[in-house]
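Novice: I'll drop the sequence and a predicted model, then ask my questions.
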Amino acid sequence: MTPYRSQAPAGRDGFAQLLHAEWTKLRTVRGWMIGTALAALLIAGLGTLTASGSYSSCMKGSAEVPCPAPVLGPGGEAVRDRFYFVHQPLNGDGTITVRVSSMTGQIRKPDVTPGVRNVVSGVVPWAKAGVMIKKSTRQGDPYAAVMVTGSHGTRMQHNFTEDVAGRPGGVSPQSPRWLRLTRLGDTITGSESPDGRQWIEVGTARLDGLPAQVRIGLFAASPGDVTVSSNTLGGTTSASRFTEATAVMDQVSVRGAGTGGTWKIDDIGVTTGLDGVTPHHPGRLARSGDTFTVTGVGDIAPVTEEGGIERTLTGAMVALIAVIVVAVLFVTAEYRRQLIRTTLLAAPRRGRVLAAKAVVIGAVTFVAALAAAAVTLPVARRIYQGNGIYFLPVGTLTELRVIVGVAAVLAVSAVLALALGVLFRRSAMAVIAAIVAVLVPYVLATASLLPESVSDWLLRITPAAGFAIQQSVTEYPQVISHYAPVAGYYPLPPWAGFAVLCGYAALALALAARRLRRSDV
Amino acid sequence: MEATIEVTGLRKRFGETLALDGMSFTVRPGQVTGFVGPNGAGKSTTMRVVLGLDAADEGQALIGGQPYASLRTPLRHVGALLDAGALQPSRTARNHLLWLAHSQGLGSRRVDEVLELVGLRSAAKRKAGGFSLGMRRRLGIAAALLGDPPVLMLDEPFNGLDPEGIVWIRGFLRSLAAEGRAVLVSSHLMSELQDTAGHLVVVGRGRVVADAGVAELIAAASNGRVTLRTPARPEAMRVLASAGATVTVTDRDTLTVSGLAAEHIVGLLSGQVIPFSEVAAHRATLEEAYLELTRDAVEFRGTPR
């Protein structure tokens, strides 16, 4: 008898066929497609609902008004631009030199007796005073300044985000410091000197497109005193209290076209009190001959507290549960019904089967989450803005990283959950394991429940580190702020945190492949 | 590729239990080979080892001369029906076959062909979870036939089916074998394989106890036994026993005699003037042959009362 030969067309045996098969499996179980769609809807729904339900208003005098949009710096970032400025016009090139011989100040501490202001003498580390060239007195305009600080020595700063260190140490009448700022075209050079004769360059700044006429003068500012206190649960709360700094500057010399006239004063960015007229915490100038005593409140620095655009995508945390459930079921359903045998009959090379499953669940999750995030972020941001809430603006690339990053975190978490499904072979255990690995550390770390050091470690060593990829806010060494997970700051850089999550997924996949290859099914 | 299954010296232990103890046999094309033995004899384990799902501790299993794991597009070489319940209940019958087809680079046309072949065309769009056992079996057979393979392995395909389903599968298997395929069908009930299998591999306690054609097996089981009907049972027993025969009482007036030919028995009884009404060479049924072969191999047996 002639042995039978298969009449079926010779099919191909490639990875593409396995991918096709796994995709067909995924899309033909309605519950799984609904679960994936639900994940996308949760991102979009929670994002827009939270936005619609959030509202912020500001007081102008005694009237409630919509909050103004944040002041933006030349780089497009939100900035704080509040200081006391004693200035003159400067046309074209020029220079200003002063001697700073004292820096003192006041800090309001938490009230000891309720209702009684507890103000002590002192300067905060980043209190700053010195000389500045600024495009105009408008908030957010480009500037460059050289300054002495509370405890960070001489600094050259420009355009809010840039900071270069000069010599360390503070100033006193016994050891004053000379500061000089020179404009040559668009380039501004800052120098310092211990005696007014020997000059050391601190740094240079290029302020592109600076007009011919700029403002040149003396300034002082003092950022709020940020204190972080532990609450009863072990979490933290932060507060920022009023401070002011007073610098004594003399031997003032300004050279250049347009200078030499009277000094103008501006309390840049001052707000008014409840009556709408009286300035709230004003700065001041006391002049005695050639000696200028300038007192300033506020800061000239990027904003770090308002929260980033990633706050529009917090629905991803809930979506993650749906993603995990679908990814786990994608494989444990096969174990439960022993369909895994049929799968391995069709593809005896088991590592490839696992790889195909991982690619399919990862890709499908990624596409669904990406679509949801790409729509939700701009829509929710618009709703928030309409309700008076502004996020710290970021560049297009950062925004793309946040959108793609959230989708990628969900996709890689799905792969991790799938691998746990192979390892445990049981839906409930694998789902719980994945949630404990990814979601629980994230919630604990960001919910202000744990001491910050614990939160930081959770976001370094657990798969939840991957959420770092959605951080859009920047930590600035020259700004004291509450840089903690609860405020949206992760202990690892975005891609490093994402790499930790990927590492866990890769490890789980490797263990799953080992288990799948070695055991009978 | 040759349409054969070759199993050589398989051993496998699950903890304390020796599931396979030197299992060896060959399945040839063109006939249905019955793979029979009591529950726990190692039939399913052998099939899983052949299909690369379980790893044997020793020995090898080849399909057309190759281990299963080395087959590319394996469903074109072997079709298997292990557990008809291995289905995602919420997936339709057609979609179940569709992903399988895609894994082998086959298209939806082949899916529709096999659905037609097993008579499930009208149920193609229904969820497999709602299928009766018979329909699930048909779907499983459709999956096994997807790659039109020369080798088929079916584990207990008759189990739990109604008579109509049994008749359908029997006819189907015979026609598949007639096309030149090697068809291995396991069962723990010999009667299910009657009139279907041309060859039998009888297993017990993890090893082969008989590997022969059906006719051969029946002849072997009947060998040398004679049924004697007599009203003078004790006398007949005495005479035959003293002549060296082994005599068993099978009924009130019936004896089964082995060790003596029928003519010899007639001579002895006639010489002693012992009456008898019938002397016949015993012809065993397949069931008897099976029970005989597997008597020592049954793991669990009811205690006779």
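Specialist: Nice, I can see it.

Novice: all helices of the stretch 151-300 of chain B, in order?
Specialist: Applying DSSP state H, counting those that start in this stretch to the stretch 151-300 of chain B gives helices spanning B:163-178, B:190-193, B:214-222, B:233-242, B:262-271, B:286-294.

Novice: now do the buried residues in the second one.
Specialist: Burial within helix B:190-193, assessed by neighbour count using 16 or more other C-beta atoms under 10 Å in any protein chain shown, is assigned to B:190, B:192-193. The way it works is simple: take the backbone N, C-alpha and C, and place the C-beta from them, glycine included.

Novice: helices or strands next to that helix in the packing?
Specialist: Contact partners of helix B:190-193 among helices and strands, from 3 or more C-beta pairs under 8 Å, 6 or more residues apart in numbering or on different chains; DSSP states H and E: strand B:32-36, helix B:286-294.

Novice: quick one: distance of it to the chain centre.
Specialist: Helix B:190-193 sits 7 Å away from the centroid of its parent chain (C-alpha atoms, centre = their mean, to the nearest Å).

Novice: residues in contact with the residue of the stretch 401-521 of chain A found nearest chain B?
Specialist: Nearest residue of the stretch 401-521 of chain A to chain B (C-beta to the nearest C-beta) works out as residue A:520 at 4.0 Å. Counting by C-beta atoms under 8 Å, 6 or more residues apart in numbering or on different chains, residue A:520 makes contact with B:48, B:53-55.

Novice: phi, psi for the residue of chain B found nearest chain A please.
Specialist: The nearest approach of chain B to chain A comes at residue B:105, 2.8 Å away (C-beta to the nearest C-beta). As for residue B:105, its main-chain torsions (degrees, to the nearest 10) stand at phi 70, psi 20.

Novice: hmm, back to that, save the buried residues of helix B:190-193 as JSON lines, and put in pLDDT too.
Specialist: Formatted as JSON lines, the buried residues of helix B:190-193 follow (pLDDT from 0 to 100):
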{"residue": "B:190", "pLDDT": "81"}
{"residue": "B:192", "pLDDT": "82"}
{"residue": "B:193", "pLDDT": "84"}
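
Novice: show me the contacts of residue A:520 that map onto strands.
Specialist: When those are checked against strands using DSSP state E, none is located there.

Novice: from those, which is closest to residue A:172?
Specialist: residue B:55 (82.0 Å; C-beta to C-beta).

Novice: quick check: chain neighbours aside, which residue is closest to the closest one?
Specialist: Nearest in space to residue B:55, with sequence neighbours left out and distances taken as C-beta to C-beta, 6 or more residues apart in numbering or on different chains, is residue A:520 at 6.5 Å.

Novice: quick one: the one you found from residue A:191, how far?
Specialist: Using C-beta to C-beta, to the nearest Å, one gets 78 Å for the distance from residue A:520 to residue A:191.

Novice: can you list the residues of chain A near chain B?
Specialist: Applying C-beta under 8 Å from any C-beta of the partner chain, we find that chain A lies next to chain B at A:1-14, A:17-18, A:20-22, A:24-25, A:28-31, A:333-334, A:337-339, A:341-342, A:344-349, A:520-521.

Novice: of those, grab the buried ones for PyMOL.
Specialist: Selection of buried members from the residues of chain A next to chain B for PyMOL, criterion 16+ other C-beta under 10 Å:
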select buried, chain A and resi 3+4+6+8+11+13+17+18+20+21+22+24+25+28+29+333+334+337+338+339+341+342+344+345+346+347+348+349+521
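
Novice: follow-up on the earlier one: out of the helices of the stretch 151-300 of chain B, which is closest to residue B:96?
Specialist: Short answer: helix B:163-178, nearest of the helices of the stretch 151-300 of chain B by C-beta to C-beta, at 19.2 Å.

Novice: wait, does the closest one contact chain A?
Specialist: No - Helix B:163-178 stays clear of chain A (C-beta under 8 Å from any C-beta), getting no nearer than 8.5 Å.

Novice: now that helix: average pLDDT?
Specialist: Confidence for helix B:163-178, expressed as mean pLDDT, is 92.

Novice: what comes up buried for the host helix or strand of residue A:416?
Specialist: Taking DSSP states H and E as the definition, residue A:416 sits inside helix A:396-424. Buried residues in helix A:396-424, counted by 16+ other C-beta under 10 Å: A:398-399, A:401-424.

Novice: what does stretch A:291-308 give?
Specialist: Of all the residues in stretch A:291-308, those buried under the rule 16+ other C-beta under 10 Å are A:292-308.

Novice: now residue B:31: how far from residue B:156?
Specialist: 19 Å.

Novice: mind saving the C-alpha coords of stretch A:231-249 as CSV?
Specialist: Extracted C-alpha coordinates of stretch A:231-249, given in CSV (Å, rounded to 0.1, in the frame of the first residue of the first chain):
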residue,chain,number,x,y,z
ASN,A,231,2.9,62.7,58.9
THR,A,232,1.6,60.0,61.3
LEU,A,233,1.4,57.3,58.6
GLY,A,234,5.1,57.7,57.7
GLY,A,235,4.4,59.8,54.6
THR,A,236,5.3,63.4,54.2
THR,A,237,3.8,66.8,53.7
SER,A,238,5.8,69.8,52.4
ALA,A,239,5.3,73.5,53.1
SER,A,240,6.9,76.6,51.7
ARG,A,241,7.1,79.7,54.0
PHE,A,242,7.8,83.4,53.4
THR,A,243,11.4,84.5,53.4
GLU,A,244,13.2,87.7,52.4
ALA,A,245,16.8,88.6,51.7
THR,A,246,18.5,91.9,52.1
ALA,A,247,21.8,92.6,50.4
VAL,A,248,24.0,95.7,50.9
MET,A,249,25.7,96.7,47.6
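
Novice: that'll do, ta.
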